[in-house]
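>>> I'd like to go over a predicted model; first the sequence, then the structure.
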Amino acid sequence: MKKKTKTPGDMLLEQIEKNKTNITAASKEMGISQTAVRLVSLNESRITTSLAVKFSEYFKVPVRNWLTAQMEYDLSFYDL
């Protein structure tokens, strides 16, 4: 049985909650469209390198963590 992978959206929502902010405020402060942030939070859009950099700068979480979360989520769809 596969281990449930924490999704990039879960990670994003945890950081939003931890920083006592919301998607609207965070997206505005990062200079990213609210739609882009919301789609990542719903796991309907991937965390790109440029988004990972913005998230890293804003939430003080290393870029590598964001990209690793996305990669592990992507790989969870394969029988490896």
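Arrived safely, thanks for sending. Numbering: from 1, shown residues only.
>>> any stretches of the chain with poor pLDDT?
1-3 (pLDDT under 70).
>>> now the helices for this structure?
8-18, 23-30, 34-41, 49-59, 63-75 (DSSP state H).
>>> and the ones you listed as TSV, adding mean neighbour count?
In short, each C-beta sits where N, CA and C put it, glycine included. What follows is the helices of the chain, written out as TSV (neighbours: other C-beta atoms under 10 Å):
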stretch	mean neighbour count
helix 8-18	17
helix 23-30	16
helix 34-41	17
helix 49-59	17
helix 63-75	16
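>>> tell me which residues touch the closest residue to Gly31 other than its chain neighbours, please.
Residue nearest to Gly31 in three dimensions, not counting chain neighbours: Lys54, with 7.3 Å by C-beta to C-beta, 6 or more residues apart in numbering. With contacts defined as C-beta atoms under 8 Å, 6 or more residues apart in numbering, the neighbours of Lys54 are 30-32.
>>> what's the spacing between Lys54 and Lys60?
12 Å (C-beta to C-beta, to the nearest Å).
>>> what is in contact with the two at once?
With C-beta under 8 Å, 6+ apart as the test, Lys54 and Lys60 reach no residue in common.
>>> okay, now Thr48: neighbour count?
Number of residues near Thr48 (other C-beta atoms under 10 Å) recorded here: 14.
>>> quick one: contacts for it?
Counting by C-beta under 8 Å, 6+ apart, Thr48 has no contacts.
>>> Val63 reaches Ser56, doesn't it?
Yes: applying C-beta atoms under 8 Å as the test, Val63 and Ser56 come out as touching, 4.3 Å apart.
>>> quick one: the closest residue to Asn43 other than its chain neighbours from Leu67, how far?
Take Asn43 and drop its neighbours on the chain: the residue closest to it by C-beta to C-beta, 6+ apart is Gly9, 4.1 Å away. For Gly9, the distance to Leu67 equals 15 Å [C-beta to C-beta].
>>> Val53 too?
10 Å.
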